[in-house]
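K.L.:
coords please:
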Amino acid sequence: MKAKKIFKENRIPILLIVLICGIFLAVHKTPYMTLHCPPGYEPVYQSFDRCSNTPSTLSGWKACEWYNTPSSHCPDCSKKYCNPICAKCVKSSPNCDVGSICKKEKYYEYSCDGKEVVKKQMTKYFTLNSDCNCVYSYTKQTAAGTVVEICDYKCRNGHCVDEPSCNVGSECDRKDNGLICKNGDVYREYKIYVYDSDCNCIFDDYETVLTERCSIGCEDGQCIEVVCSENQEKCVDSDYFVCLNNSWINKGITVGKCGIECLVDDDCSSGYYCYNYACIEGESPEPEPEPFEFDWKYAVLIAAVSIFGIVMYWYFKK
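P.N.:
The predicted structure follows:
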């Protein structure tokens, strides 16, 4: 009765003490924090020896906490309660027989064996995956094939086809594709179309027909214009030209070409001298002195410089 009376008189403080103790135990006696994992995963907890496990050992683990005591209160390895407890999320074990067949779908497939149409029974198999979903897995033949038809003409893609009403492979159209260069000559190119097995007119190949033979080659569907023959020579006034690669090359004034006998006296025989590209008999005349021409521009410039020098002399002399 006395204890009941004491509890009744002090029930509020007692309840507060019990509540505080409960919170303390929940926080400090729990060996790890609760790890919240996504759907399909569940937490796994494991204790690690702090002294024999390096931080790399804890790779992949989360929510590592110290059992009972913070790490700062664990100066050595003698206290086992100082070892951390870690958690990580792992895929939950499926609640089904993974890989087992969950559904079958039968169907028939037709193929050709020569002129025969063969019917085969095929089955699609579906199995349970790791998420317990029924998904397609594989297909296999589940019954022997049987011949259901023999074709008169041909079997194609599991069906009989009638003999075509056209000459398969024969030309049905041709289109002009323009002029092209081939082997140095000009050809006209055609696109050739033929009948296929369904009598469709389809492209088959190209055909070329010689149009023009070129003497020195073809470019952009045309014969290259002949400008000159190789090593052909010609003169334009006193300049000498020679043909190289279908182009005229200017060699300039050349001794022995285009009436040019010489360029200097040494090009002439003894007793001759060179004058106007021709060898003249006799001694080379002395060159006449060039007449003196007074240049007023230089005279004015010299006078101006002289006057400036005189002015500067008298200015500094004062």
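K.L.:
Can you show me the strands along the stretch 51-200 of the chain?
P.N.:
According to DSSP state E, counting those that start in this stretch, the stretch 51-200 of the chain carries its strands in the segments 62-66, 84-91, 101-113, 116-128, 134-150, 154-156, 159-161, 171-182, 185-195.
K.L.:
how about Ile307, phi and psi?
P.N.:
Backbone torsions for Ile307, taken as degrees, to the nearest 10, come to phi -60, psi -40.
K.L.:
could we number from 498 for the rest of this?
P.N.:
In the new numbering, first residue 498, that becomes Ile804.
K.L.:
which stretch among the strands of the stretch 548-697 of the chain comes nearest Pro535?
P.N.:
Minimum separation from Pro535 across these (CB to CB) falls at strand 581-588, 7.1 Å. Where you see a C-beta, it was placed from the backbone N, CA and C, and this is true even at glycine.
K.L.:
quick one: the closest one to chain centroid distance?
P.N.:
44 Å (CA atoms, centre = their mean, to the nearest Å).
K.L.:
go on, stretch 734-751?
P.N.:
50 Å.
K.L.:
thinking again about what came up before, could you redo the strands of the stretch 548-697 of the chain as CSV and give each row distance to Lys731, mean pLDDT and mean neighbour count?
P.N.:
Below are the strands of the stretch 548-697 of the chain laid out as CSV (distance: least, CB to CB, whole Å; pLDDT from 0 to 100; neighbours: other CB atoms under 10 Å):
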stretch, distance to Lys731, mean pLDDT, mean neighbour count
strand 559-563, 94, 55, 16
strand 581-588, 92, 73, 17
strand 598-610, 76, 93, 13
strand 613-625, 81, 94, 16
strand 631-647, 83, 92, 12
strand 651-653, 71, 89, 16
strand 656-658, 73, 89, 14
strand 668-679, 29, 95, 14
strand 682-692, 29, 96, 17
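K.L.:
for those, which one sits closest to Arg710?
P.N.:
Nearest to Arg710 among the strands of the stretch 548-697 of the chain is strand 682-692; the distance by CB to CB comes to 5.0 Å.
K.L.:
packing partners for the closest one?
P.N.:
For strand 682-692, the packing partners by 3 or more CB pairs under 8 Å, 6 or more residues apart in numbering; DSSP states H and E come out as strand 668-679, strand 698-709, strand 719-720.
K.L.:
Report the inter-axis angle for it versus strand 698-709.
P.N.:
Relative orientation of strand 682-692 versus strand 698-709 (axes from the mean of the first three to the mean of the last three CA atoms, to 10 degrees): 160 degrees.
K.L.:
Return the distance of strand 682-692 from the chain's centre.
P.N.:
What separates the centre of strand 682-692 from the centre of its chain is 35 Å, taken as CA atoms, centre = their mean.
K.L.:
quick one, which of the helices and strands packed on strand 682-692 is nearest to Ser627?
P.N.:
Between the helices and strands packed on strand 682-692, strand 698-709 lies closest to Ser627; by CB to CB that is 49.5 Å.
K.L.:
That closest one packs against which elements?
P.N.:
Packed against strand 698-709 by the contact rule (3+ CB pairs under 8 Å, 6+ apart) you find strand 668-679, strand 682-692.
K.L.:
quick one, domains of this protein?
P.N.:
Domain ranges of the chain: 510-588, 598-658, 668-720, 730-778, per automatic domain parsing.
K.L.:
Distance of Leu625 relative to Leu676?
P.N.:
From Leu625 across to Leu676, the span is 68 Å (CB to CB, to the nearest Å).
K.L.:
What ranges in this protein fall below the confidence cut-off?
P.N.:
498-532, 544-582, 783-793, 814-815 (pLDDT under 70).
K.L.:
State the helix or strand in which the residue lying closest to Lys731 once chain neighbours are set aside lies.
P.N.:
Counting by CB to CB, 6 or more residues apart in numbering, Lys731 lies nearest to Phe738, which is 5.0 Å off, once chain neighbours are set aside. With secondary structure defined by DSSP states H and E, Phe738 is part of strand 736-741.
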